[in-house]
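Visitor: Give me a model of this one.
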Amino acid sequence: MPGPLSHVRVLDLSRILAAPWAGQILADLGADVIKVERPGAGDDTRGWGPPFLKARDGTETRDAGYYLAVNRGKRSITLALDKPEGRRIVRELAARADILLENYKVGTLAKFGLAYDDLKAVNPKLIYCSVTGFGQTGPRREQAAYDFMIQAMGGIMSVTGERDDRPGGGPQKVGVPILDLMTGMYAAVAVLAALARREKTGAGEYVDIGMLDVQIAALANQAMNYLVSGQVPRRTGNRHPNIQPQDVFACADGDIVLAVGSDGQFAKLCEVLGKPALARDERFAKNAARVRNLDALLPLVADTLKRKPRKHWVDALDAAGVPCGPINTIPEVFEDPQVKHRGMRIDVPHPLAGTVPLVASPMRFREAPLKHERPPPLLGEHSAEILRELGIGDAEIEKLRASGVV
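Guide: You can find the predicted model right below:
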């Protein structure tokens, strides 16, 4: 059964992470995603290692794990946009595409005659998505941006990390490039919404996604806490600002997270801890009271948990219906029985490595299940194939190679 987007063609002019992540989501859903890269160099992330994927003979390939994480399911063609023939081929590909993704600096593609208005002229139904750090308008629109920088500017680092008055206190970035990933997800949602609208109107669309905008939107409850109260949210380490007890707790042999979300769950926690009276204590019976009296509550919970091993508490709390979990390392994540059952690690055939281990899409469809059959492409792996689909013969392809166009 073909994937949900098997009828969709995507032209991916992007590199690094945010927009390529959107392209990978669309490829996972079955779209034919053509990734356009610079001849000889390709996407910057190909070289963002080590580690690099190893070939069958043990030597390193040119593709870093970073690149492999965001480009599965795509086809790669190399095209020099600074050459007229390269731009002509991009226009031909855009004429056949449903969606175009790009993350060049504002105005760059206009200089090449590849802006939205240029390509709309050859394909009025095209959905053109530009992903930049600050969007297409405003005083910062021409500035470059990276995830780390936007995490700082967008406020998330002000609420991430231990309190300033505790050891290790200070702002922290999230351990993965969360803003790039969130931006890619918003971009994918936006182009699919435009695609749905096109089904009704027949018209294409221009989508403007700015990473800083995404970060502001993703402040979620922390933004609303400020807007409603006027109080500036602060770093609280692993403590949830509104729901307690939610924190990291040490056990006899490791750490666990408690994620108590209701008064009923708190009562069950107290039973497991052997302290049922805490659930009746007016300081702790209701969540609002627990938040206000947190400094009194947490030592009572922590002192009990540290007396027995992690597995004892996880098993007991699971049985009682209290949300909790061990703090797993990445290897432990992939050994988790639930993760294995869901098939989140996949091994896909690869032309150099034999197979490449990848993380599967989390999307599950009953009627049109996703297939992960195409690995992240080698640089220019599909150039000839794609050019032939445009009706370009082998002799002309060789001329394009010789002139540095592909």
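Visitor: Downstream of the helix or strand harbouring Ile77, the next helix or strand is which one?
Guide: Per DSSP states H and E: Ile77 is located in strand 74-78. Downstream of strand 74-78, the next assigned helix or strand under DSSP H and E is helix 84-96.
Visitor: how much distance is there from the helix or strand just after that next one to the middle of the chain?
Guide: Next along the chain after helix 84-96, taking DSSP H and E as the criterion, comes strand 99-102. Here the centre of strand 99-102 is set off from its chain's centre by 17 Å, with CA atoms, centre = their mean, to the nearest Å.
Visitor: got the contact list for strand 99-102?
Guide: Applying CB atoms under 8 Å, 6 or more residues apart in numbering, the external contacts of strand 99-102 come out as 8-14, 19-20, 22-23, 26, 31, 94, 109, 119, 126-131, 187, 191, 195. Every residue, glycine included, has its C-beta placed from N, CA and C.
Visitor: Among the residues you listed, which ones are in helices?
Guide: Judged by DSSP state H, the contacts of strand 99-102 include 19-20, 22-23, 26, 94, 109, 119, 187, 191, 195 as members of helices.
Visitor: looking at the residues you listed, which has the most residues close by?
Guide: Within the ones in helices among the contacts of strand 99-102, Ala22 tops the neighbour count with 32 neighbours, counted by other CB atoms under 10 Å.
Visitor: tell me the contacts of that residue?
Guide: Counting by CB under 8 Å, 6+ apart, Ala22 touches 14, 101, 129, 131, 183-185, 187-188, 191.
Visitor: State the pair within these that is farthest apart.
Guide: Ser14 and Met185 (14.3 Å; CB to CB).
Visitor: State the distance from Arg388 to Leu11.
Guide: Per CB to CB, to the nearest Å, Arg388 is found 17 Å from Leu11.
Visitor: of those two, who's got more company?
Guide: Per other CB under 10 Å, whichever of Arg388 and Leu11 has more neighbours is Leu11, with 27 against 14.
Visitor: The more buried one against Ala94, yeah?
Guide: Yes. If you go by CB atoms under 8 Å, Leu11 and Ala94 touch, sitting 5.7 Å apart.
Visitor: Output stretch 243-261 in PDB, but only the C-alpha positions, please.
Guide: Listed next in PDB are the C-alpha coordinates belonging to stretch 243-261 (Å, rounded to 0.1, in the frame of the first residue of the first chain):
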ATOM      1  CA  ILE A 243       2.300  20.400  38.800                       C
ATOM      2  CA  GLN A 244       3.900  18.600  41.700                       C
ATOM      3  CA  PRO A 245       5.600  16.300  42.500                       C
ATOM      4  CA  GLN A 246       7.300  16.200  39.100                       C
ATOM      5  CA  ASP A 247      11.100  16.100  39.500                       C
ATOM      6  CA  VAL A 248      14.100  13.800  39.300                       C
ATOM      7  CA  PHE A 249      14.700  11.600  42.400                       C
ATOM      8  CA  ALA A 250      17.700   9.500  43.400                       C
ATOM      9  CA  CYS A 251      17.100   5.900  44.200                       C
ATOM     10  CA  ALA A 252      19.700   3.500  45.800                       C
ATOM     11  CA  ASP A 253      21.300   2.700  42.400                       C
ATOM     12  CA  GLY A 254      20.100   5.400  39.900                       C
ATOM     13  CA  ASP A 255      17.600   8.100  39.200                       C
ATOM     14  CA  ILE A 256      13.900   8.100  38.300                       C
ATOM     15  CA  VAL A 257      11.400  10.800  37.200                       C
ATOM     16  CA  LEU A 258       8.100  11.200  39.000                       C
ATOM     17  CA  ALA A 259       5.400  12.800  36.800                       C
ATOM     18  CA  VAL A 260       2.400  13.000  39.200                       C
ATOM     19  CA  GLY A 261      -0.400  14.800  37.400                       C
END
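Visitor: from the middle of its chain, how far away would it be?
Guide: Using CA atoms, centre = their mean, the offset of stretch 243-261 from its chain centre is 26 Å.
Visitor: Would you state the helices of the stretch 151-300 of the chain in chain order?
Guide: Per DSSP state H, counting those that start in this stretch, the stretch 151-300 of the chain carries helices over the ranges 178-201, 211-217, 220-229, 263-273, 287-292, 294-305.
Visitor: Compare those and give me the one nearest Gly404.
Guide: Of all those, helix 178-201 sits nearest to Gly404, with 30.5 Å by CB to CB.
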